[in-house]
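S.K.: Whatever this is, show me its structure:
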Amino acid sequence: MTSTLEEKLRAAFTPEQAHLLAEVIREAYDDVVRAKDFNELKSIVADLGQAQKRTEERVEELAQAQKRTEERVDQLAAAVDK
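M.R.: Reported below is the predicted structural model:
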């Protein structure tokens, strides 16, 4: 990216200016890419947080169902003992 950009800038600026401008543009581009990656990562983390919450809710539901099953087994065992 920089070499082609620098070549284009040399048409209007001195070689030193063209080089400096190309470097500044490259650094700005890199910053934008990093910011985009960071924002994508934040979105992924938010999605994972929501998925974790749903998983925890489901585990709680399963724990309650397990408790009801154990209670029912105890009732059946008591009925068999009679």
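S.K.: Might you report the residue contacts of Arg58?
M.R.: With contacts defined as Cβ atoms under 8 Å, 6 or more residues apart in numbering, Arg58 has no neighbours. In short, each C-beta sits where N, CA and C put it, glycine included.
S.K.: Secondary structure element for Ala22, which one?
M.R.: Here Ala22 sits within helix 15-81, counting by DSSP states H and E.
S.K.: And for Phe13?
M.R.: Here Phe13, judged by DSSP H and E, is contained in no helix and no strand.
S.K.: residues contacting it?
M.R.: Counted by Cβ under 8 Å, 6+ apart, Phe13 has contacts Leu21.
S.K.: Could you shift the numbering so residue one becomes 708, and keep it that way?
M.R.: Sure, I'll start counting at 708 from here, so that last one is Phe720.
S.K.: Distance check, it against Glu714.
M.R.: Distance from Phe720 to Glu714, counting by Cβ to Cβ, to the nearest Å: 11 Å.
S.K.: same question, Glu777
M.R.: From Glu777 across to Glu714, the span is 76 Å (Cβ to Cβ).
S.K.: contacting residues around Glu768?
M.R.: Glu768 neighbours (Cβ under 8 Å, 6+ apart): none.
S.K.: Show the pLDDT at it.
M.R.: We have a pLDDT of 98 for Glu768.
S.K.: Any stretches of the chain with poor pLDDT?
M.R.: Along the chain, segments meeting pLDDT under 70 span 708-709.
S.K.: Good, we can wrap up now.
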